[in-house]
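Trainee: structure for the following, please:
(one chain, ligands or ions: 2)
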Amino acid sequence: MNLLDGKLVSAKIKEDIKVEAAAFTAQSGRKPHLVAILVGNDGGSETYVASKMRNCELVGFESTNIRYTVDITEAELIAKIEEINQDPTIDGLIVQLPLPKHIDPDKVTEAIDYRKDVDGFHPINLGRMQRNLPCFIPATPYGIMLMLDHYKIETAGKKAVVVGRSNIVGSPMSILLARNSNPGNCTVTLTHSRTANLEAEVLAADIVVAAIGRKNFVTAEMVKEGAVVIDVGINREDSTETKSGFKLYGDVDFEAVAQKASWITPVPGGVGLMTIVGLLKNTLEAAKGTIYAK
Ligand SMILES: NC(=O)C1=CN([C@@H]2O[C@H](COP(=O)(O)OP(=O)(O)OC[C@H]3O[C@@H](n4cnc5c(N)ncnc54)[C@H](OP(=O)(O)O)[C@@H]3O)[C@@H](O)[C@H]2O)C=CC1
Ligand SMILES: Nc1nc(=O)c2c([nH]1)NC[C@@H]1CN(c3ccc(C(=O)N[C@@H](CCC(=O)O)C(=O)O)cc3)C=[N+]21
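Mentor: Ligands and ions are numbered 1, 2, ... in the order given. The predicted structure follows:
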């Protein structure tokens, strides 16, 4: 088994981003600027947003965190998004998910100017991605592609099975792996809770991407010898062993699956760290105007 080391790869790419950010700042007289909106006080979301902000500082971006209590209305949130859309000092905007039930995530996503949509969730970015046109690619699948690229994992002609079809991970992942690009050119099967005989599908895969949200969902019996296994899952459990008071688990039974996999990502230390890198890269592109001219 070889480890797909998110710590190592993310640190390396962040060094490159830092150099490019400095060049941007020297030329334009301002730093790339990311705004993250957080509604409510979900523990996981707090951690991720804090990490995004910290990483922005690290690479020389400006970051602003706007926080609202759960009782903010959809109209108020959208009004704020429209204000940010008009602000030329802000390059990228993300609204952390999940949102409270009374706010429609689709409406919020579509309210964001697609040229500032560094999460890549806007239908314009999604459509452009599907067409292989320049666009913002959702951070998690983007990070996974960067990881596959870094380790020069052969993907062309391979059978990839993605488990989970969410808008933010599984669905865009399946599009990227199937695209005519490198990494890419996989034969992709996208599976979900209504898939018949999911175990057999996963067992046939050369590349497995697990994005379900259930601890130990992918077991050693489900994985082919020599498969590449990408674990997106972040499952938090209370624990007295750690000082944070919780422990993270992926969707893959790491210890057992590592015995069979040729390559595997750990949790923590894998895809999560690459997600941050995907977001930073998108924010830099937004500032430079390389995808959508300013
Ligand atoms: N590391 C990172 O950077 C990130 C990690 N995550 C983590 O990844 C995991 C998935 O997140 P996300 O994609 O947002 O999750 P969602 O809850 O939006 O989607 C889960 C998907 O898994 C499918 N699923 C659920 N149960 C089963 C089952 N028993 N058999 C087959 N399929 C099943 C669902 O199927 P159906 O559509 O039929 O309901 C759905 O498509 C979570 O643990 C999340 O915390 C998420 C984003 C980034
Ligand atoms: N609009 C929006 N955009 C997102 O990108 C988004 C979102 N909403 N909602 C939730 C998911 C989840 N997500 C993660 C980001 C970083 C780590 C991460 O850094 N993980 C570290 C450890 C984190 C820790 O220690 O808690 C790791 O896996 O090593 C994980 C998960 C982004 N998401």
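Trainee: around ligand 2, pick out the residues from this structure.
Mentor: Residues of the chain lying close to ligand 2 (Cβ under 6 Å from any ligand atom) are 47-48, 51, 94-97, 119, 139, 234, 248, 267-270, 272-273, 275-276. C-betas here are computed from N, CA, C, even on glycine.
Trainee: at 8 Å instead, please
Mentor: 6-7, 44-45, 47-48, 51-52, 94-98, 119, 121, 138-140, 168, 234, 236, 244, 248, 266-273, 275-276, 279 (Cβ under 8 Å from any ligand atom).
Trainee: just the buried ones out of these, please.
Mentor: The neighbour-count test (16 or more other Cβ atoms under 10 Å) marks 6, 45, 47-48, 52, 94-97, 119, 121, 138-140, 168, 234, 248, 266-267, 269-273, 275-276, 279 as buried among the residues of the chain next to ligand 2.
Trainee: so who does the closest residue to ligand 2 within the stretch 151-294 of the chain touch?
Mentor: Closest to ligand 2 within the stretch 151-294 of the chain is residue 272: 2.2 Å, counting by Cβ to the nearest ligand atom. Residues near residue 272 by Cβ atoms under 8 Å, 6 or more residues apart in numbering: 6, 234.
Trainee: phi first, then psi, for the residue nearest the centre of the chain.
Mentor: By Cα atoms, centre = their mean, the mean C-alpha position of the chain lies nearest to residue 140, the distance being 1.7 Å. Main-chain torsions, residue 140, degrees, to the nearest 10: phi -70, psi -50.
Trainee: quick check: which ranges of this protein have low pLDDT?
Mentor: Scanning the chain for pLDDT under 70 picks out no residues.
Trainee: residue numbers of it in contact with ligand 1?
Mentor: Counting by Cβ under 8 Å from any ligand atom, the chain sits next to ligand 1 at 44, 48, 97, 139-140, 143, 163-170, 191-195, 198, 211-214, 217, 232-235, 250-251, 267, 270-272, 274-276.
Trainee: just to revisit the earlier point, was I right to think the residue nearest to the centre of the chain contacts residue 277?
Mentor: No. Residue 140 is not in contact with residue 277 according to Cβ atoms under 8 Å; the separation is 10.4 Å.
Trainee: can you tell me the element the residue of the stretch 151-294 of the chain closest to ligand 2 falls in?
Mentor: Assigned by DSSP states H and E, residue 272 falls within helix 271-288.
Trainee: can you check residue 200 too?
Mentor: Counting by DSSP H and E, residue 200 is part of helix 198-203.
Trainee: tell me what the next helix or strand after that helix is packed against?
Mentor: Later in the chain than helix 198-203, the nearest helix or strand by DSSP H and E is strand 207-210. Counting contacts by 3 or more Cβ pairs under 8 Å, 6 or more residues apart in numbering; DSSP states H and E, strand 207-210 packs against strand 159-163, helix 170-178, strand 228-231.
Trainee: just the helices in the protein please.
Mentor: 6-28, 43-59, 74-85, 105-111, 123-130, 139-150, 170-178, 198-203, 254-257, 271-288 (DSSP state H).
Trainee: now render those as JSON lines, adding distance to residue 224.
Mentor: What follows is the helices of the chain, written out as JSON lines (distance: least, Cβ to Cβ, whole Å):
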{"stretch": "helix 6-28", "distance to residue 224": "23"}
{"stretch": "helix 43-59", "distance to residue 224": "32"}
{"stretch": "helix 74-85", "distance to residue 224": "44"}
{"stretch": "helix 105-111", "distance to residue 224": "35"}
{"stretch": "helix 123-130", "distance to residue 224": "28"}
{"stretch": "helix 139-150", "distance to residue 224": "17"}
{"stretch": "helix 170-178", "distance to residue 224": "17"}
{"stretch": "helix 198-203", "distance to residue 224": "6"}
{"stretch": "helix 254-257", "distance to residue 224": "11"}
{"stretch": "helix 271-288", "distance to residue 224": "20"}
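Trainee: wait, isn't residue 80 in contact with residue 37?
Mentor: Yes. Using Cβ under 8 Å, residue 80 is in contact with residue 37, at 7.1 Å.
Trainee: which neighbours do the two have in common?
Mentor: What both residue 80 and residue 37 touch, as defined by Cβ under 8 Å, 6+ apart, is the set residue 66.
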